[in-house]
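Peer 1: Provided below are the primary sequence and the corresponding predicted coordinates.
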Amino acid sequence: MSNVLSEEKKKQVIVLGQLGWSLRRIEIEKTTGIRRETAAAYLKAAENPVRPPGGWGKREPAKPANGVTTDSTVAASSCEPYRELIEQGLMRGRNAMSIWQELVDQHGFAGAYESVKRFVEKQRGTQNQEACAVIITEPGEEAQVDYGTGPLVRDPRTGKYRRTRLFVMTLGFSRKCVRLLSFQSSARVWGELHETAFWRIGGSPKVVVLDNLREGVLTPDIYDAAINPLYRDLLLHYNVVAMPCPSALAKNTGKLAWKVELIVPGADQMTAYDAGTGEKLWWIRGLSWQPKSAPIVDGDIVYAHWWESGGESEQPTETPDYAATLAKFDANQDSKLAEAEFASDPRLQRSFRELDLDSDGFLNARDWDFYRAKRASRNRLIAVRHGGRGDFTHSNVIWSMRKFLPNVPSPLLYP
């Protein structure tokens, strides 16, 4: 042997060899200080196998399986029931992360993000990436401000964890950013966060691009957004111009930067939807069968016009509900109304096919309620204060006219 070791060192080398340590590991181990040649000699003398060069860290080959499975059936992806939703998201240009978040939040999806990612990659195939413009700004010209929900942080005053607000200001040229947390959120806190960020970056940019948050923007508008007065004075002091983001569809979220209402005049009612999500926001009932004009919007007031022949009566025609109609016309007591059962009312029998909305040969409660709404509708020119949620029939109508309305496509609004 090249070196003679003490009994203690000898036992140490043998034990480490039995544990499967490589000669290199034994050599560099600080507690041993033994060269690999010496360790190899003692391990061979003790008939302890030494790992061959290049075999360090390799495991023994796995034992063969007891049986061979020939079934090549592949388990269906957990995303398969949500295929239509995922395809709709891809058509809107959204990425896998935003699609997965929507499935979890709104549809109870229990699968992992990686599952959605693999499914999206298969659906996309080898399509070309969409070209994106690179916005280049001069040093000190522009900064972007984002404000959202922050992490849970222990409040030093109470010792309890509280949800914070996260403020991020990012310089357009260098992409250097300042991140600040706050337990409170108000116009004053919003201004103080800006001042702190200006101090951190050593100055103020010429332009601040911000989301349309209530702390900074009172009234979002595509052309002339109303800036919070306190925030406006702060920016004026630092000679900074605020540039609220225009209303646009965000690629990764599929939602609008702020809520935009899609106002749709229809038969018997006018309905407003969220243009970003399609959610029904507010509606007005009791209008006539035929909308005659596209809505005219002036600030927060919407003007619209409905007219039909015979819709000028002051008192709407009283029409019994579906239960009373069944009691009167349902001759065979099958809780359905067939065309032949209206023989005693020729007017209803002539209109049966028009009233049968699903063309199944029977009038159900939905068909009859639609008919009742049509009978109760009246010609109207209305002014409605939009914004909000719910039924505005008796709340947000500022004024309405019912008589002497023209049958014209659109009225004109003079300032």
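Peer 2: Received it, and whenever you're ready, just let me know what you need. Numbers count the residues shown, from 1 in each chain.

Peer 1: and the longest strand along the chain, what other elements does it pack with?
Peer 2: Using DSSP state E to define each element, the chain has its longest strand at strand 142-154. For strand 142-154, the packing partners by 3 or more Cβ pairs under 8 Å, 6 or more residues apart in numbering; DSSP states H and E come out as strand 161-171, strand 177-182, helix 187-201, strand 207-210. Every residue, glycine included, has its C-beta placed from N, CA and C.

Peer 1: Of these, flag the one that's most buried.
Peer 2: strand 207-210 (a mean of 20; mean count of other Cβ atoms under 10 Å).

Peer 1: What lies in contact with that strand?
Peer 2: 141-145, 147, 169, 194, 216-217, 235, 240-245 (Cβ atoms under 8 Å, 6 or more residues apart in numbering).

Peer 1: Where does pLDDT dip in the stretch 201-350 of the chain?
Peer 2: The model of the stretch 201-350 of the chain has pLDDT under 70 over residues 211-227, 245-259, 289, 308-317.

Peer 1: can you pull out the helices in the stretch 201-350 of the chain?
Peer 2: Taking DSSP state H, counting those that start in this stretch, the helices of the stretch 201-350 of the chain run over residues 229-237, 322-329, 346-350.

Peer 1: To residue 110, which of the ones you listed lies closest?
Peer 2: Proximity to residue 110 (Cβ to Cβ) singles out helix 322-329 among these, at 40.9 Å.

Peer 1: Pull out the buried residues from that closest one.
Peer 2: For helix 322-329, a neighbour-count test (16 or more other Cβ atoms under 10 Å) marks 322, 325, 326, 329 as buried.

Peer 1: do the same with stretch 337-357
Peer 2: 337, 338, 339, 341, 342, 348, 352, 355, 356.

Peer 1: how far does that stretch sit from the chain's center?
Peer 2: Taking Cα atoms, centre = their mean, to the nearest Å, one finds stretch 337-357 lying 46 Å from the centre of the chain it belongs to.

Peer 1: again, but for stretch 113-122
Peer 2: Distance of stretch 113-122 from its chain centroid, counting by Cα atoms, centre = their mean, is 18 Å.

Peer 1: pLDDT (mean, whole number) over that stretch?
Peer 2: Computed over stretch 113-122, the mean pLDDT rounds to 88.

Peer 1: again, but for stretch 170-183
Peer 2: Rounded mean pLDDT across stretch 170-183 is 90.

Peer 1: end-to-end on that stretch?
Peer 2: 21 Å (Cα to Cα, to the nearest Å).

Peer 1: What residues sit buried inside the helix or strand hosting residue 16?
Peer 2: Counting by DSSP states H and E, the element that carries residue 16 is helix 7-18. By neighbour count on 16+ other Cβ under 10 Å, the buried set for helix 7-18 is 9, 10, 12, 13, 14, 16, 17.

Peer 1: ok, the last one touching residue 43?
Peer 2: Yes. Taking Cβ atoms under 8 Å as the contact criterion, residue 17 and residue 43 are neighbours in contact, 4.5 Å apart.

Peer 1: which residues sit against stretch 138-157?
Peer 2: Residues from elsewhere that reach stretch 138-157 (Cβ under 8 Å, 6+ apart): 160-174, 181-183, 190, 194, 201, 203, 205-211, 213, 215-216.
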